[in-house]
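Peer 1: fold the following for me, if possible:
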Amino acid sequence: MSLLHFYRKPALSLSKKDNLLSTVRQRISPEIQDIETEYCFNIETSEPLTSQELDTLHWLLSETFEPENFSDTSFLDHHYGIASAEPAPDNKMRFFANA
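Peer 2: Residues are numbered from 1 along each chain as shown. Below you'll find the model as predicted:
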């Protein structure tokens, strides 16, 4: 089995990002300057994908008009503090993810 990771930015629209930043500044620290977001797609495969399958997967996951915002490496700068927020999958999601 193989686990592939792909990233697409941004994960939030500009207005949602601004709302989140405002909330974080109020609840955590007014010194927080910015928030960067990205989606992380975790793809588990039973065998290595062919180049055609990888191309199809890239096409499905990336934005048509902004291919530069899709990558197999994270866009987040790891020199700064990073907090990861991700939903805990329930059993139904886990079933479909492993189906």
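
Peer 1: what's near enough to touch the residue nearest to Ser71 when sequence neighbours are not counted?
Peer 2: Once flanking residues are discounted, Ser71 sits nearest to Tyr7: 5.2 Å by CB to CB, 6 or more residues apart in numbering. All C-beta spots, glycine's among them, are computed from the backbone N, C-alpha and C. Contact criterion CB atoms under 8 Å, 6 or more residues apart in numbering gives Glu38, Tyr39, Cys40, Phe41, Phe70, Ser71, Asp72, Thr73, Ser74, Phe75 as the residues in contact with Tyr7.

Peer 1: let's see that with 7 Å instead.
Peer 2: Contacts for Tyr7 (CB atoms under 7 Å, 6 or more residues apart in numbering) come out as Glu38, Tyr39, Cys40, Ser71, Thr73, Ser74, Phe75.

Peer 1: and what of Pro48?
Peer 2: For Pro48, the contacting residues are Ser2, by CB under 7 Å, 6+ apart.

Peer 1: quick check: it is in a strand.
Peer 2: No: with the criterion set as DSSP: H, G, I helix; E, B strand; the rest coil, the secondary structure at Pro48 is coil rather than a strand.

Peer 1: quick check: pLDDT value at it.
Peer 2: Pro48 is assigned a predicted lDDT (pLDDT) of 94.

Peer 1: from the contacts of Tyr7, which land in strands?
Peer 2: Here DSSP state E is the test, and those give Tyr39, Cys40, Ser71 as lying in strands.
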